[in-house]
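A.B. asks: Let me see the structure of the following:
(3 chains)
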Amino acid sequence: MKIQQLKHIYRKTKDILTQGWMLAGLVVVILLPFVIGLGLYLKSHHIFTQYNFWELIGSTEWKPLSGKFGLYPFILSSLWITLIAIVIALPVALLSAIHLTTYAKAWVLKWVHPLIDILAGLPSVIYGIWGVIAVVPAVQSLALSFGIKVSGYSILAGGIVLAIMILPFILNILIEIFKSIPIELTEVTLSLGATRWQTVKKVILRKAMPGIISATGLGISRAFGETIAVLMVAGNVVKIPTGIFQPGYPLPALLINNYGEMLSIPLYDSALMLAAFILLLIVLFFNILGRYTIVRFEKSM
Amino acid sequence: MKWRKIEENLFRVLMFLATMLMGGVLILILIAIFKNGLPALTWEMLTQPPKGGYYFGREGGIANAILGSIYLSLGAVLCALVIALPVALFLNIHMKNHERWVHIIRFLMDTLWGIPSIVYGAFAFMVMIYLGMKASLLAGIITVALFILPIMIRSMDEVIKGVPEGLLEAGLSLGANRTEVAFKIFVRQCSTGLVTAILLSLGRAIGDAAAVIFTAGFSDRIPTSISQPAATLPLAIFFQLNSPIEEVKNRAYASAVVLTLIILIISTLSRYFSQKLKNH
Amino acid sequence: MKPAIRIRNLNLHIHKHHILKNINVDIPANKLTVIIGPSGCGKTTLLKTLNRLTDLSSDIDISGQIFIGEEDILHTSRDITEIRKQMGLLAQRPFPLPMSIFNNVAFGLKIGGRKNKNILAKRVEYYLREVNLWEEVKDRLHQPASRLSIGQQQRLCLARGLAVDPKIILADEPTSALDPISTQAIEQKFAELKKNYTIVMVTHILRQARQIADYLIFMHMGEIIEHGPAQEILNNPKEEKTKMYLQGVFY
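C.D. replies: Now for the predicted structure:
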């Protein structure tokens, strides 16, 4: 009897302790995004004692030594590179997703899926090294064919490398979206005398539109925060890019390149943490937008 | 009518090309990496740390980065696992009757997944300075663990979510409490799926550069304790690729080959396990 | 009267599974033919083969012939869309196209090349009246079709199918997602429509078959066990399997 009771108490205690640990873990995870956001904000808000927000965002001058912290060139570079990446990746991903889910035979998808997974799993730095070896020279000779002499390290090179990186990511989402559209919708449309392509163009794409918007949002959010690969090929010159063959200096690259020296100059660390905070906000905005539309899409199915 | 056919055929060709592009790019990347890296991959390269400074020394190899990466990623995966597995189980078993909250938590976790690693890096760096810590293997491990935490939780969560409704009830009716059902029955039931989730996180951990550049430092030496700075493969590539010295550059290429091979092995393994899960 | 559809030696394999086994049957014109049988007997597959929707999946092997009029639609050189246009399809639950009520009905006409707005408007009204939906939706023609009730959606889908002017209506358990009143509306509509159309309907509800079928096909494990005028089969089944099914022994 005694042993039974002890055993019971032992089990009960173990249960309570484990549950406590589980709950604690959950609380940590739930708090993490808020702690990160709050931490970056607290660290960066010192700078607002001397500059106002719009001044920092809108100013083009980045001279930390003379106290000038204009973030505009970096934000603009990031926007340009992200835009190029999404303009290249989205159509390719759409075409491929439609091909894989409607036209191609089932075994094609079975073979392509591992490829997508491998591409999605390759580290950023591998894309970066490939960019340096292959994309940068290609961009250089492309520019030369337009009569422009540049190094090739440019926002176009960044955009291309980034496009390849987010392609498997967007493609995976789109494949799931197209798969979730019931086959009967295709059947009834075909029965009305439509061709396969008309069915895709007029019905499937329309039905999938919220999903496509969502994939785009998530793709932008992924692209915006991508760091190493873009940094390796974008050139990193502080000026406003005037053309796609010109170098750019994306926001994440600013963080990586300057974190070492930031402690020695007043307000420098605040400016950099502000850059990180802005990066976080932009990424979260597109991410939440994308997730929200995808939840709505699933409900409409 | 004619135009219809032309349009359809045009798009069919484009769609086919788009799919081919995926395979094509992968092959191009692998060729670029292996062509440059394989010739540099000697025994000395794999077993020696760099000599005379990683940026100038012509001698030595990348053993520091290989071991550093392994220590760092295994450490991070272990740390993340200790939190991720209990949380994923808790969400699906203990919170079974709070579906609304589970939804909100999943949404939050997906959002967390979307935060780029550089933001984790910057945040961790800030905390390190605040605490007066130096860049070290430990700091790197903690940062990467935080970064892979949402990835691991959500992939484990998806696996556990797929367990048939009845298993929990069956376990409970045998007299086990929820916690026992979670760790004794569900973990066993989901083991292959959980391994896949761990492998996925391991791949992320080993490939990340942006979070560790702030926190793990970089060192020519192989770390002997967690308070020392450590090199990693991604950073070995990043720091040495732009060197004008051929031997140093070769170290970057060799690191790229090693890193790619590790990632390919991890992804093959996880494919194997997820296939096994399907055949269950 | 000549049969509308003649099926000869039709065999169908999916993934090497023999789904339809040597089907031979004539489907009478301007009658309501009902295909019944236990689930998994191949009745839906047979229906979709008539429309060549089987083209959608790979690993399907079909042999035999299906004549609509004089044309073997399995081996024709004519454009497949022209063949499908002869047959309207009503699915198990309504699948409104992701567009307005008006455009749902006008869709088939538009892709058929009809662009004149006045004619389109007239046609849409005509077919919506045909399914008794006009009065309910005339004030909101340009709202998304997904806002209609399920019963209204199914009638809309019928109007949409009729608008391409088919000769045949294929219906795959068209009332299985509907409430009793909407079900009745569809059944009544079918009884009227068979004057002008040949209707082939799949159902698993025996009551429905008893009430509306003119001609009955009973399938089991991919084979046609028995077919003939509905009353004959229902009152006087010749085959043991049909008897058992009608008594509810397996379903």
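
A.B. asks: average pLDDT for stretch A:161-176?
C.D. replies: Regarding stretch A:161-176, the rounded mean pLDDT is 95.

A.B. asks: Any part of it near chain B?
C.D. replies: Yes. Interface with chain B: stretch A:161-176 contributes A:164, A:167-168, A:171 (CB under 8 Å from any CB of the partner chain). Glycine gets a C-beta too; all of them are placed from N, C-alpha and C.

A.B. asks: And that stretch, what's buried?
C.D. replies: By neighbour count with 16 or more other CB atoms under 10 Å in any protein chain shown, stretch A:161-176 contains the buried residues A:161-175.

A.B. asks: same question, stretch B:78-87
C.D. replies: B:79-81, B:83-87.

A.B. asks: Contacts for it, please.
C.D. replies: By CB atoms under 8 Å, 6 or more residues apart in numbering or on different chains, the residues outside stretch B:78-87 that reach it are A:18, A:21-22, A:25-26, A:28-29, B:141-142, B:145-146, B:148-149, B:152-153, B:156, B:187, B:194, B:197-198, B:201.

A.B. asks: among the residues you listed, which ones are buried?
C.D. replies: A:18, A:21-22, A:25-26, A:29, B:141-142, B:145-146, B:148-149, B:152-153, B:156, B:194, B:197-198, B:201.

A.B. asks: so what are the domain limits for the chain?
C.D. replies: All of this refers to chain A. With domains defined by automatic domain parsing, chain A comprises A:2-49, A:53-300.

A.B. asks: Not quite, go with chain B.
C.D. replies: With automatic domain parsing as the reference, chain B has domains B:2-40, B:43-278.

A.B. asks: okay, those in TSV with mean pLDDT next?
C.D. replies: Rendered in TSV, the data for these read as follows (pLDDT from 0 to 100):
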stretch	mean pLDDT
domain B:2-40	91
domain B:43-278	90
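
A.B. asks: Deepest-packed of the ones you listed, please.
C.D. replies: Using mean count of other CB atoms under 10 Å in any protein chain shown, the stretch among the domains of chain B with the largest mean neighbour count is domain B:43-278, at a mean of 20.

A.B. asks: Span of it from start to end?
C.D. replies: 40 Å (CA to CA, to the nearest Å).

A.B. asks: where do the helices sit along chain B?
C.D. replies: Using DSSP state H, the helices found in chain B span residues B:2-37, B:43-47, B:63-89, B:99-114, B:117-131, B:137-161, B:166-173, B:178-180, B:187-189, B:191-207, B:212-215, B:233-240, B:246-278.

A.B. asks: Turn those into a markdown table, columns for distance to A:L280.
C.D. replies: Formatted as a markdown table, those follow (distance: least, CB to CB, whole Å):
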| stretch | distance to A:L280 |
| --- | --- |
| helix B:2-37 | 29 |
| helix B:43-47 | 39 |
| helix B:63-89 | 21 |
| helix B:99-114 | 10 |
| helix B:117-131 | 5 |
| helix B:137-161 | 13 |
| helix B:166-173 | 38 |
| helix B:178-180 | 36 |
| helix B:187-189 | 34 |
| helix B:191-207 | 19 |
| helix B:212-215 | 15 |
| helix B:233-240 | 22 |
| helix B:246-278 | 27 |
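
A.B. asks: any weak-confidence spans in the stretch 1-150 of chain C?
C.D. replies: Judged by pLDDT under 70, the stretch 1-150 of chain C has its weakly predicted residues at C:1.

A.B. asks: How are the strands of it distributed by residue range?
C.D. replies: C:3-14, C:17-28, C:32-36, C:60-68, C:71-72, C:87-90 (DSSP state E, counting those that start in this stretch).

A.B. asks: Quick check: the gap between C:Q143 and C:E136.
C.D. replies: 12 Å (CB to CB, to the nearest Å).

A.B. asks: ah, wrong one, I meant B:V257
C.D. replies: From B:V257 to C:E136 the distance is 69 Å (CB to CB).

A.B. asks: thinking again about what came up before, from the buried residues of stretch A:161-176, which ones fall inside strands?
C.D. replies: Using DSSP state E, no member of the buried residues of stretch A:161-176 sits in strands.

A.B. asks: Just the residues you listed: which are in helices?
C.D. replies: A:161-175.

A.B. asks: Show me where the stretch 1-150 of chain A has its strands.
C.D. replies: With DSSP E, counting those that start in this stretch as the criterion, the stretch 1-150 of chain A has strands spanning A:62-63, A:68-69.

A.B. asks: Kindly compare burial across those strands and name the winner.
C.D. replies: strand A:68-69 (a mean of 18).

A.B. asks: Helix or strand: which one has the closest residue in space to A:I173 that isn't next to it in sequence?
C.D. replies: Once flanking residues are discounted, A:I173 sits nearest to A:A215: 4.3 Å by CB to CB, 6 or more residues apart in numbering or on different chains. Assessed by DSSP states H and E, A:A215 sits inside helix A:205-225.

A.B. asks: average pLDDT across stretch C:172-185?
C.D. replies: 89.

A.B. asks: and it, how far apart are its ends?
C.D. replies: Per CA to CA, stretch C:172-185 runs 16 Å from first to last residue.

A.B. asks: Repeat that for stretch C:172-186.
C.D. replies: 13 Å.

A.B. asks: Say whether chain A is contacted by that stretch.
C.D. replies: No. Against chain A, stretch C:172-186 shows no contacts by CB under 8 Å from any CB, the least distance being 8.8 Å.

A.B. asks: what does that stretch rub up against?
C.D. replies: Residues contacting stretch C:172-186 (CB under 8 Å, 6+ apart): C:44, C:47-48, C:89-94, C:132, C:149-152, C:154-155, C:158, C:187, C:201-205, C:208.

A.B. asks: Good, we can wrap up now.
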